[in-house]
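In: Sequence and predicted structure below; questions after.
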Amino acid sequence: MTVATNRTLDISRLRAGNLPSNLTMTLEIPESLTILDNPSDVPAKGCGAIRVMTPKDGDKRVVWDSRDFAQISDAKGMFDKLVLEGLVPYRVGVGGKSSSEVMTEFDSHAEEIIFLPIAMVTGG
Amino acid sequence: MAAVSTMIPMYCEETSSACDSWTNGWTNEWVKVTNGATAAALGSLEKTYFKQSHVTGSTYGSNDNYYKLSHLNKVYTKWIECNTSTTWDYCNTNYRKWQWDYEHDYIPKVKTPTERMREILGSRHAPLFIPNLRKSLVPAEDVREQRARETLRRVIGEDKYFDFLKKGFISVRAKSGLSYQIFPAHGITCVYDKGIMVERLCVVLKGDFPATDSLIMRFLLILNNEQQFRNFAIKHSVTQRQNRESIIKLNQQKTQDGKSLVDIFREFKKVG
């Protein structure tokens, strides 16, 4: 596991009608959570991961340990903030199987959660 | 190289020497092989060990790991299953269970009726495959793209991911029954209804996102909120890309020789 130095996330905030957003905000990642920087790194057993799509990093992967209450709390806080900013969370199927499902609330046992920056989606 | 262990072991219990006879220019020989031996290995065994085993008779009467290998004009083409009462002529005409393509060393897998049925169902819903238009993806150098591909791998699963690397696109069937062919980056998403392209939709992620992130976005939106995906999309004409008439014709050809799925199912059921 590699700990990245950059512990911020740049996310788009709002949509203007059917147009993509130009407004971005920076979100601090809590110190207790680990960031996986290397693409081939996988979260350890018992850990969950949040993947946030960003132009800067591709996918920023933030890992929490589902046996550590402090980390769960921080991950939940981060989940709520991202939802509040308009990103849509999708749960990846167990064992990486093909499936997806929009999450309405944080689940500490979720293997992986992908946040889609819906504000950046537009017709081309 | 396909291994011999993938074939049903064929042997001859040599008690009456019936199998050791030869007629019409056919000869048959004993070759000792182990499970997993390749065609090349068999070839060398024939050259190096056959004579010895035949001469010493050490293989006589045993059927473990001894395979009857027959050949015509020194080309190994057939595997023949025998038993104690089998004559060579009988083997020759009735027990050619396996054809061995020695040149390519490929043993085709026998599909079950269920697998075949799945294949037919898939082919009727999948987009028409046009060879030589799709190129497999090259390994990504950009670390952002590498991360995005790993994410895609988790989202769509291993099988579909390797399919994606090979073909350069993924296909997904939405709840509406339409099939979407999704390409990375700014590729236009093609929509198929029963194998016929009906729409081309363009939905992108604005900004400098890696190519595969756009594909993930489309995949997730189509699976979870198809209507929202369509609302975002800008529609392009189908005829810009392909002549619709010719596609319809090709698809008709594809299904004409087939019968209805019910008929096919009945046939498979009979076989099963």
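Out: Now that the structure is in, tell me what you want to look at.
In: Can you name the residues that contact B:Ala211?
Out: By CB atoms under 8 Å, 6 or more residues apart in numbering or on different chains, the contact set of B:Ala211 is B:Glu145, B:Ala148, B:Pro184, B:Ala185. Yep, even glycine has a C-beta here, placed from its N, CA and C like the rest.
In: Among these, which has the minimum pLDDT value?
Out: On pLDDT alone, B:Ala185 ranks lowest of the contacts of B:Ala211, at 85.
In: List the contacts of A:Leu87.
Out: Taking CB under 8 Å, 6+ apart as the test, what A:Leu87 contacts is A:Ile11, A:Val52, A:Phe115, A:Leu116, A:Pro117, A:Ile118, A:Ala119.
In: tell me the contacts of the closest residue to chain B within chain A?
Out: Distances between chain A and chain B by CB to the nearest CB are smallest at A:Gly58, namely 2.9 Å. Under the criterion of CB under 8 Å, 6+ apart, the neighbours of A:Gly58 are B:Asp142, B:Val143, B:Arg144, B:Glu145, B:Gln146, B:Arg147, B:Ala148, B:Phe209, B:Pro210, B:Asp213.
In: hang on, the third one is in a helix, isn't it?
Out: Yep, that's B:Arg144 we're talking about. Yes - with DSSP: H, G, I helix; E, B strand; the rest coil as the criterion, B:Arg144 is part of a helix.
In: ok, what's across the strand from the residue of chain A closest to chain B?
Out: Taking DSSP bridges, one finds A:Thr54 as the beta-bridge partners of A:Gly58.
In: likewise B:Arg173?
Out: Applying DSSP bridges, one finds that B:Arg173 bridges with B:Ser179.
In: So which residues on chain A come close to chain B?
Out: Within chain A, the residues that sit near chain B (CB under 8 Å from any CB of the partner chain) are A:12, A:18, A:20, A:39-40, A:51, A:53-59, A:61, A:90, A:92-93, A:96-98, A:100-102, A:112, A:114, A:116-117, A:120-124.
In: Among these, the buried ones, what's the PyMOL command?
Out: Buried subset of these, written as a PyMOL selection, criterion 16 or more other CB atoms under 10 Å in any protein chain shown:
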select buried, chain A and resi 12+20+39+51+53+54+55+57+58+59+61+90+92+93+96+98+100+112+114+116+117+120+121+122+124
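In: Which positions in the stretch 151-272 of chain B make contact with chain A?
Out: So the stretch 151-272 of chain B meets chain A at B:151, B:153-158, B:160, B:186, B:188, B:202-210, B:213, B:216-217, B:219-221, B:223-225, B:231-234 (CB under 8 Å from any CB).
In: Just the ones of those in helices?
Out: B:151, B:153-156, B:158, B:160, B:213, B:216-217, B:219-221, B:223-224, B:231-232 (DSSP state H).
In: any idea of the mean pLDDT in the helix or strand harbouring A:Ala70?
Out: For A:Ala70, the host element (DSSP states H and E) is helix A:69-84. Helix A:69-84 carries an average pLDDT of 92.
In: Give the pairing partners of the next helix or strand along the chain from that helix; include direction for each.
Out: Next along the chain after helix A:69-84, taking DSSP H and E as the criterion, comes strand A:88-92. When pairing is defined by DSSP bridges, strand A:88-92 lines up against strand A:100-102 (antiparallel), strand A:112-116 (antiparallel).
In: before we move on, the earlier item: considering the contacts of B:Ala211, which possesses the most neighbours?
Out: B:Ala148 (27 neighbours; other CB atoms under 10 Å in any protein chain shown).
In: And that residue, how far from B:Tyr180?
Out: 19 Å (CB to CB, to the nearest Å).
In: just checking, B:Asn224 touches A:Met103?
Out: No - using CB atoms under 8 Å, B:Asn224 is not in contact with A:Met103, being 10.7 Å away.
In: got any residues that touch both of those two?
Out: Contacts common to B:Asn224 and A:Met103, judged by CB under 8 Å, 6+ apart, are A:Tyr90.
In: Quick check: residues of the stretch 1-150 of chain B near chain A?
Out: Selection of the stretch 1-150 of chain B residues close to chain A by CB under 8 Å from any CB yields B:Asp142, B:Val143, B:Arg144, B:Glu145, B:Gln146, B:Arg147, B:Ala148, B:Arg149, B:Glu150.
In: Show the pLDDT at the first one.
Out: In the prediction, the pLDDT value recorded for B:Asp142 is 83.
In: That one: neighbouring residues, count only.
Out: Neighbours of B:Asp142 under the rule other CB under 10 Å: 12.
In: Now it: closest residue in space that isn't a chain neighbour?
Out: In space, and not counting its chain neighbours, B:Asp142 is closest to B:Pro210: 6.5 Å by CB to CB, 6 or more residues apart in numbering or on different chains.
In: give the contact list for A:Asp10.
Out: Contacts for A:Asp10 (CB under 8 Å, 6+ apart) come out as A:Thr24, A:Met25, A:Thr26, A:Leu27, A:Thr54, A:Pro55, A:Lys56.
In: So it: helix, strand or coil?
Out: Taking three-state DSSP as the rule, one finds A:Asp10 in the strand state.
In: Need the per-residue pLDDT for it.
Out: Residue-level pLDDT assigned to A:Asp10 equals 78.
In: who does the nearest residue to it once chain neighbours are set aside bridge with?
Out: Counting by CB to CB, 6+ apart, A:Asp10 lies nearest to A:Thr24, which is 5.2 Å off, once chain neighbours are set aside. Residues in a beta bridge with A:Thr24, per DSSP bridges, are A:Ser12.
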